[in-house]
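S.K.: Quick one: sequence plus predicted model below, questions after.
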Amino acid sequence: MKVVGIAGSLRPKSNTLEYVKTALDVFDKAGFETDLISLRDKRIEPCTGCYDCVKKAYCTIGDDDFDSILEHMRNAEGIILGSPVYLSSVAPQMMALLARATFVAYWNDKFFSGKVGGPITVARRAGHNMAFSQLLLWFFINGVTVPGSTYWNVGVAGAGGARDAHKDEEGMSTVIHFADNMISVMRKIFV
C-alpha cells in the first residue's frame with residue numbers, strides 16, 4: 001500500500017515538512033510505500049472554475065506541477081496533507097492544489113473516495129482550527145476516511161520563523177499516533 005504525504009510550506013526545511021516526514025516514517029517502518037511531496041519547489045496555478053475537467057477528465061490549466069502531484073494522489077491508498085497556518089487558513093498553494101484535485105476527481109469517478117487520510121496543520125500559536133477544518137472538509141467532500149488521534153493533528157512551532165518542530169513533543173506524539181491509527185484503518189480496508 002502506498003501513502004503520499006504533501007507538505008504545503010514554501011520554506012526550506014520547514015516545520016510542516018518535519019511533521020509530515022514524522023508521519024511517513026511510521027508508515028515506512030510498517031512496510032508501506034511512501035512518497036513525500038513538498039510544494040516548496042512546485043508551481044500550482046489556482047483553479048479558474050472553467051469546468052473543462054467535466055468534459056475532458058483532466059485539468060486544462062497546464063504548464064505547472066499539478067498533474068504529477070495529482071497522479072501521486074490518485075495512485076495512493078493513503079493521503080496526508082500538511083499545511084502551515086499563516087493567517088487562520090491553509091497555505092494558498094495547498095488550496096490551489098486541493099481545489100483543482102477535487103474538481104478533477106469529482107467529475108471523473110470520484111477517485112479519492114474510499115482512500116484513508118488526514119490533515120496536519122502547523123502554526124506558531126493560533127489559527128489551527130480553521131485550517132484544520134478546511135483540510136477535514138476536503139477529505140470529507142472527497143469521501144476519504146479520516147482516523148483520529150489522541151488530539152487534533154496540529155503542530156506548534158515556528159515562533160519568529162524558527163524551525164523547531166522537533167521540540168513539540170506532544171504534537172509529534174499526536175502525529176505518530178494518527179499515523180498508527182491510519183495504518184490500522186488501511187489494513188482493515190485494503191488487506
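M.R.: Noted; the coordinates are in hand.
S.K.: CA only for contacts and neighbour counts going forward, please
M.R.: Noted.
S.K.: low-confidence ranges in the chain?
M.R.: Confidence mapping of the chain against pLDDT under 70 gives zero matching residues.
S.K.: who's in contact with the longest helix seen in it?
M.R.: Ranked by residue count under DSSP state H, the longest helix found in the chain is helix 169-190. Here helix 169-190 makes contact (Cα atoms under 8 Å, 6 or more residues apart in numbering) with 19, 22-24, 26-27, 77-78, 116-117, 120, 146-156, 165-166.
S.K.: Show me the beta-bridge partners of the spatially most central residue of the chain.
M.R.: Centroid-nearest residue in the chain: Leu81, 1.0 Å away (criterion: Cα atoms, centre = their mean). Per DSSP bridges, the residues bridged to Leu81 are Ile6, Pro119.
S.K.: Could you pull up the residues touching it?
M.R.: Contact partners of Leu81, counting by Cα under 8 Å, 6+ apart, are Gly5, Ile6, Ala7, Gly8, Val20, Gly117, Gly118, Pro119, Ile120, Leu135.
S.K.: pretty sure the third one contacts Asn15?
M.R.: Spelled out, it's Ala7. No - contact criterion Cα atoms under 8 Å: Ala7 and Asn15 do not qualify, at 9.3 Å.
S.K.: can you give me the helices in this protein?
M.R.: Going by DSSP H, the chain shows helices at 15-29, 52-56, 66-75, 92-106, 128-141, 169-190.
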